[in-house]
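Enquirer: A predicted structure for the sequence below; I have some questions about it.
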Amino acid sequence: MTFDAATFDGVLADAARLAEDFAAEAGTRDAERLLPHDQVKALKESGLLALSVPRHAGGVDAPAEVLAEVFRLLAHADPSLAQIPHSHFVFLEALRLQGTAEQQAYFYGQVHAGALLANAQSERGPHTVDVDTTTLSRRAGGDYTLSGRKFYSTGALFADWVVVRASLSDGSGAAPTASTPKALAFVPRDADGVEVVDDWDGMGQRTTASGTVTLSDVAVPAEHVVPFSPIFSVPTTYGARAQLWHAAIDVGIATGALAAGVRQTALARPHFEAAVATAAEDPTLITVAGELTVTVRGAQALLAEAARQVDAAAADLTDETAATASIAVAVAKVAAARAALTAADVLFELGGTRSASAAGNLSRYWRDARTHTLHDPTRWKLQHIGRYTLSGVRPPRHGQL
């Protein structure tokens, strides 16, 4: 893979400037649950949403290592804002893998113009998450009708296109199962029959607008339907990329919480037994800060290494390189989740009693970390990591590895 490193240095500089702007009122947005309409507009206008568009379609085809750092920078400033474009990049990868040339040309053009793709994937039980009861039914003319309900649809309120994962109906009336073929329907946010409800009430990630999407006999032209199930029939980095962006958000929470802890230490009074002038000179806090720095920087390093493995697999895609990338990302995700939760907790130890003031809203780091790290269980990633380490068993192909 070849690319102009200077171009991507500029991309990261742009992302850092945008993140600095996003950080300014992040605590207030969280405390008052003010949805970031202006910030999402700025993100759309920044050009960052087109980073993964291939070169043949006029994009820069940014490597995973660059995109991971963009996500980390945004999450360092505001984890909710960072999560909003997550599915955007995941679905662009699905489009690259399974879209026709005509579909790619159309939707890449939309993204170049600033369009945001958002997800409508998750459903509530009793079925497991690999079953979609939302269905795409073929009509006589070849187009489709889409019906169902999705929850936790991050960013759908801000989206230009809501991308819905659905089971392809065979017309028999049988309930979909995990093995039922699935497709992605690209649906305009304002299409007839689409209702997006702002009912997300999570304790963290409060301004992701992860509400409910109801789809009532929505007409979907065939050219807006992209096969989904075939992605996993061959070696792929699809799941690794999706998880890499999640890991980057967790690392961003960790680096943001560490930075907040450092700022709070500067405001804290030293413990009287330390007999020092500032809290930063307290030898016990020095140890706490050192331990936390090792944890956070370790997660950052594993994130960068995982991204390099994804890029390497993309350049030479085989069963083994895809497995290596997935395991590297799983390792990074576990470390990132631990770092985020630890940093969000330890920042209060660094800052002392006054850091617990509601006015500072520093609890948002822990609430964001605890909420986002529930997205997919790291305990299962440890299972796949352990099997691969001990027996060379490759992880399964799905969107969470």
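Expert: That came through, no problem.

Enquirer: How much space separates the residue of the chain positioned farthest from its centre from Gln264?
Expert: In the chain, Ala275 marks the outermost C-alpha relative to the chain mean, sitting 45.2 Å out by Cα atoms, centre = their mean. Distance of Ala275 to Gln264, computed by Cβ to Cβ, to the nearest Å: 21 Å. Glycine gets a C-beta too; all of them are placed from N, C-alpha and C.

Enquirer: Same check on Thr278?
Expert: For Thr278, the distance to Gln264 - Cβ to Cβ - is 13 Å.

Enquirer: Keeping just the C-alphas, turn stretch 84-101 into CSV.
Expert: The C-alpha trace of stretch 84-101 is given here as CSV (Å, rounded to 0.1, in the frame of the first residue of the first chain):
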residue,chain,number,x,y,z
ILE,A,84,-21.7,8.9,15.6
PRO,A,85,-19.6,8.2,12.4
HIS,A,86,-18.6,4.7,13.5
SER,A,87,-21.3,2.9,11.4
HIS,A,88,-20.6,5.3,8.5
PHE,A,89,-17.2,3.8,8.0
VAL,A,90,-18.4,0.3,8.6
PHE,A,91,-21.0,0.6,5.9
LEU,A,92,-18.6,2.2,3.5
GLU,A,93,-16.5,-1.0,3.9
ALA,A,94,-19.6,-3.1,3.2
LEU,A,95,-20.2,-1.0,0.1
ARG,A,96,-16.6,-1.5,-1.0
LEU,A,97,-16.8,-5.3,-0.5
GLN,A,98,-20.3,-6.0,-1.9
GLY,A,99,-21.6,-2.9,-3.8
THR,A,100,-21.9,-2.9,-7.5
ALA,A,101,-19.8,-0.3,-9.5
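
Enquirer: buried stuff in that stretch?
Expert: For stretch 84-101, burial by neighbour count (16 or more other Cβ atoms under 10 Å) applies to 84-99.

Enquirer: which two in these are spaced the farthest apart?
Expert: Longest distance between any two of these is 23.5 Å, between Ile84 and Gln98; criterion Cβ to Cβ.

Enquirer: What's the local residue count around Leu116?
Expert: 23 (other Cβ atoms under 10 Å).

Enquirer: Spit out the contact partners of it.
Expert: 40, 43-44, 49, 84-85, 88, 155, 158-161 (Cβ atoms under 8 Å, 6 or more residues apart in numbering).

Enquirer: Check the gap between it and Leu67 for me.
Expert: In terms of Cβ to Cβ, Leu116 sits 16 Å off from Leu67.

Enquirer: mind giving me the domain ranges of the chain?
Expert: The chain breaks down into these domains under the TED database: 8-114, 120-229, 234-391.

Enquirer: re earlier: dump the contacts of Leu116 to a markdown table, plus secondary structure, distance to Pro230 and pLDDT.
Expert: Converted to a markdown table, those look like this (DSSP: H, G, I helix; E, B strand; the rest coil; distance: Cβ to Cβ, whole Å; pLDDT from 0 to 100):
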| residue | secondary structure | distance to Pro230 | pLDDT |
| --- | --- | --- | --- |
| Val40 | helix | 32 | 98 |
| Leu43 | helix | 31 | 98 |
| Lys44 | helix | 30 | 97 |
| Leu49 | helix | 25 | 97 |
| Ile84 | coil | 28 | 98 |
| Pro85 | coil | 25 | 98 |
| His88 | helix | 21 | 98 |
| Gly155 | coil | 26 | 96 |
| Phe158 | helix | 29 | 97 |
| Ala159 | coil | 25 | 97 |
| Asp160 | coil | 26 | 98 |
| Trp161 | strand | 21 | 98 |
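
Enquirer: of those residues, buried ones?
Expert: 40, 43-44, 49, 84-85, 88, 155, 158-161.

Enquirer: what about the strands in the protein?
Expert: Taking DSSP state E to define them, one finds strands in the chain at 117-120, 135-138, 144-153, 161-168, 182-188, 194-197, 211-220, 225-227.
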